[in-house]
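Undergrad: coordinates only, sequence not included:
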């Protein structure tokens with residue numbers, strides 16, 4: 001699969017797109033820009049792999065800054081808030097059905113579509 005070709009199919013930010021399944025997990029691509037919402041996923045960890053740009057994952061006790069080729073796993077139940085000053089392209093790996101805004105809900109909650 002050509003991930004760059006998949007990214008060419010969408011431009012919106014904070015709207016993950018499903019590109020593959022791995023057992024009970026979903027592989028999603030997302031464009032990130034600006035601030036997201038503080039949230040948690042009580043039942044699962046969440047993996048962020050940066051493909052392009054610089055992503056900051058804010059935690060209550062520190063910031064994790066990721067560049068291309070770097071990943072971070074947010075442990076289940078840990079409150080976090082992704083943000084990016086300029087656009088980031090990232091890959092997410094999480095169990096099927098995980099809601100992007102976790103327990104926070106709101107306007108940025110995405111309906112995931114397959115591309």
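TA: All right, it came through fine. Everything numeric here is computed off the predicted structure, so don't read it as measured data.
Undergrad: The helix or strand residue 6 falls within: how far from the chain's middle?
TA: Assessed by DSSP states H and E, residue 6 sits inside helix 3-7. Here helix 3-7 is found 16 Å from its chain centre; the criterion is Cα atoms, centre = their mean, to the nearest Å.
Undergrad: Determine the set of other helices and strands touching the helix or strand following that helix.
TA: Note on helix 3-7: by DSSP H and E, the next helix or strand toward the C-terminus is strand 17-22. If you count contacts as 3 or more Cβ pairs under 8 Å, 6 or more residues apart in numbering; DSSP states H and E, strand 17-22 packs onto helix 3-7, strand 25-35, strand 113-114. Any C-beta I mention is one placed from the backbone N, CA and C, and that applies to glycine too.
Undergrad: Now tell me what touches the helix-or-strand element of the chain with minimal mean pLDDT from outside.
TA: Least confident helix or strand, the chain: strand 113-114 with a mean of 80, by mean pLDDT, DSSP states H and E. Where contact means Cβ atoms under 8 Å, 6 or more residues apart in numbering, the residues beyond strand 113-114 that reach it are 17-19.
Undergrad: Would you mind giving the residues you listed as CSV with distance to residue 30 and neighbour count added?
TA: CSV is the format used below for those (distance: Cβ to Cβ, whole Å; neighbours: other Cβ atoms under 10 Å):
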residue, distance to residue 30, neighbour count
17, 7, 20
18, 10, 15
19, 10, 17
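Undergrad: pLDDT (mean, whole number) over the helix holding residue 6?
TA: Helix 3-7 shows a mean pLDDT of 97.
Undergrad: Buried residues in that helix, which are they?
TA: By neighbour count on 16 or more other Cβ atoms under 10 Å, the buried set for helix 3-7 is residue 7.
Undergrad: Helix or strand: which one has residue 37?
TA: Counting by DSSP H and E, residue 37 is part of no helix or strand.
Undergrad: ok, so what distance separates it from residue 17?
TA: Applying Cβ to Cβ, to the nearest Å, the value for residue 37 to residue 17 is 19 Å.
Undergrad: Likewise for residue 8?
TA: 11 Å.
Undergrad: before we move on, what about residue 10?
TA: Counting by Cβ to Cβ, the gap from residue 10 to residue 17 is 6 Å.
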